[in-house]
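Asks: got a predicted structure here, sequence first:
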Amino acid sequence: MSRHARALLPICTVLLLVIGCGTPAQSHTGAPAQRASLVLDWYPNSDHAGIYTAMARGYLRRHGVDLGKPRVPSDSTAQIKLVAAGTADFGITYETDLLAARAHRIPVQAVMCIVQHPLDTIMSLSRSGIRSPRDLAGKRIGMAGTPGDRAIVSAVMRADGVSPARATMVNVGYNLLPALLSGQVDAVVGVYWTWEAIQARMKGYPVNVLRVERWGVPNYCELTLISAERTIRARPSLVRGTVQALQQGYAYAEAHPQAGWRALHAADSSLNHSLIVHSIRLLRSAVVTGPTIGYLNPGQWKRYAHWLGVHGLIDAPVNGRAAMTDRFLSPSIH
């Protein structure tokens with residue numbers, strides 16, 4: 001489930017993100033709930049367990065929010081444009097893409113960090129003997145071809161005292177896992193340690209993963225909840241209710257992976273039970289961390305924005321602190 005492999009859908013799928021019709025739902029106070037819409041970053045999967053759990057357990061309704069069925073975008077950046085345009089109230093996206101959008105003056109902000117650490121990893125088969133970045137010297141590394149792939153490999157190898165020029169980067173397109181399992185390459189960059197690593201092991205291929213934030217890449221939020229600046233100003237109660245309901249949803253899903261599975265399975269019956277449950281369990285270390293679920297660390301955002309700029313991965317300098325707001329989070333939810 002690498003970011004690179006997020007398939008494209010017809011744009012009309014996304015443009016169906018309408019508020020809907022019918023009788024408004026009611027919150028626990030008896031007042032009509034505020035209707036809202038959410039665009040995911042991908043098809044429903046373990047990353048979204050907290051969202052579907054919050055819906056299934058009624059947390060959103062109790063916070064006065066009537067969230068329609070989450071939608072899948074046409075590509076992995078479409079949700080930013082939809083949120084900025086007011087076509088959707090909220091979106092799930094990546095800190096990297098949000099900062100890139102801010103470099104283009106797109107007025108959206110993160111209001112919650114769902115996954116506190118990178119899921120992207122450099123993965124190899126265990127039999128390859130690749131245990132640290134220096135072991136990548138002389139090896140072929142498969143990538144999808146985005147500029148960030150080279151920057152990540154360069155950073156992790158330099159952090160381990162070896163020149164990235166000693167590795168050969170091979171563009172395998174979106175076929176990262178097949179390229180690794182078939183022996184076309186010795187390692188791949190851009191797959192998730194909470195997804196493709198599980199898939200490989202389920203197929204009988206033990207793998208090693210190099211967590212990029214442990215080797216020279218600043219920590220960043222893999223997934224964030226975003227909203228438009230004008231929505232944040234005009235509808236703060238909606239933003240607060242949504243954020244705090246999702247905090248509760250992720251807390252429950254991570255504590256009860258089977259409940260997270262059931263909520264997701266109700267949305268997509270094709271999901272694999274073992275893969276989803278195992279992935280939710282792995283995600284716990286990336287979700288339930290910091291002072292509260294959803295924690296937004298201003299220093300981390302500043303450091304990562306600077307790193308992106310230094311490596312030419314965003315088009316202009318960005319104030320990382322201004323790209324997020326933590327004022328809607330409820331403290332100490334785990």
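Replies: Arrived safely, thanks for sending.

Asks: all contacts plus neighbour counts: C-alpha atoms, from now on.
Replies: Fine.

Asks: which elements pack onto the helix or strand harbouring residue 53?
Replies: Per DSSP states H and E, residue 53 falls inside helix 49-56. When contacts are defined as 3 or more CA pairs under 8 Å, 6 or more residues apart in numbering; DSSP states H and E, helix 49-56 sits against helix 236-255, helix 257-267.

Asks: now do the strands in the stretch 201-334 of the chain.
Replies: Using DSSP state E, counting those that start in this stretch, the strands of the stretch 201-334 of the chain run over 207-211, 223-228.

Asks: and if you look at the stretch 51-200 of the chain?
Replies: Listed in chain order (using DSSP E, counting those that start in this stretch), the strands of the stretch 51-200 of the chain are 65-67, 90-93, 108-115, 120-125, 140-143, 168-171, 187-192.

Asks: can I get those in a markdown table including mean pLDDT?
Replies: Output for those, formatted as a markdown table (pLDDT from 0 to 100):
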| stretch | mean pLDDT |
| --- | --- |
| strand 65-67 | 97 |
| strand 90-93 | 97 |
| strand 108-115 | 98 |
| strand 120-125 | 97 |
| strand 140-143 | 98 |
| strand 168-171 | 97 |
| strand 187-192 | 97 |
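
Asks: before we move on, back to that, okay, the helices and strands packed on helix 49-56, which one's buried deepest?
Replies: Among the helices and strands packed on helix 49-56, helix 236-255 has the highest mean neighbour count (mean count of other CA atoms under 10 Å), at a mean of 23.

Asks: next, the angle from that one to helix 257-267.
Replies: Angle, helix 236-255 to helix 257-267, by axes from the mean of the first three to the mean of the last three CA atoms, to 10 degrees: 120 degrees.

Asks: ok, residues contacting helix 236-255?
Replies: If you take CA atoms under 8 Å, 6 or more residues apart in numbering as the criterion, helix 236-255 is touched by 34, 36, 49-55, 57, 59-60, 63-65, 111-112, 227, 231-232, 259-260, 280-281, 283-284, 287-288, 293-294, 328-330, 333-334.

Asks: how distant is that helix from the center of its chain?
Replies: Relative to the chain's own centre, helix 236-255 is displaced by 16 Å; criterion: CA atoms, centre = their mean, to the nearest Å.

Asks: can you tell which of the strands of the stretch 201-334 of the chain is closest to residue 156?
Replies: Evaluated with CA to CA, the strands of the stretch 201-334 of the chain place strand 207-211 nearest to residue 156, the distance being 8.8 Å.

Asks: which residues touch the closest one?
Replies: Here strand 207-211 has contacts from 118-126, 130-133, 193, 197, 200-201, using CA under 8 Å, 6+ apart.

Asks: ok so, going back, CA atoms only: put the helix holding residue 53 into PDB for me.
Replies: Extracted in PDB, the C-alpha atoms of helix 49-56 (Å, rounded to 0.1, in the frame of the first residue of the first chain):
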ATOM      1  CA  ALA A  49      -9.600   2.000  11.300                       C
ATOM      2  CA  GLY A  50     -10.100   4.900  13.700                       C
ATOM      3  CA  ILE A  51     -12.400   6.800  11.200                       C
ATOM      4  CA  TYR A  52     -14.700   3.800  10.600                       C
ATOM      5  CA  THR A  53     -14.700   2.900  14.300                       C
ATOM      6  CA  ALA A  54     -15.700   6.500  15.200                       C
ATOM      7  CA  MET A  55     -18.600   6.200  12.800                       C
ATOM      8  CA  ALA A  56     -19.600   2.700  14.000                       C
END
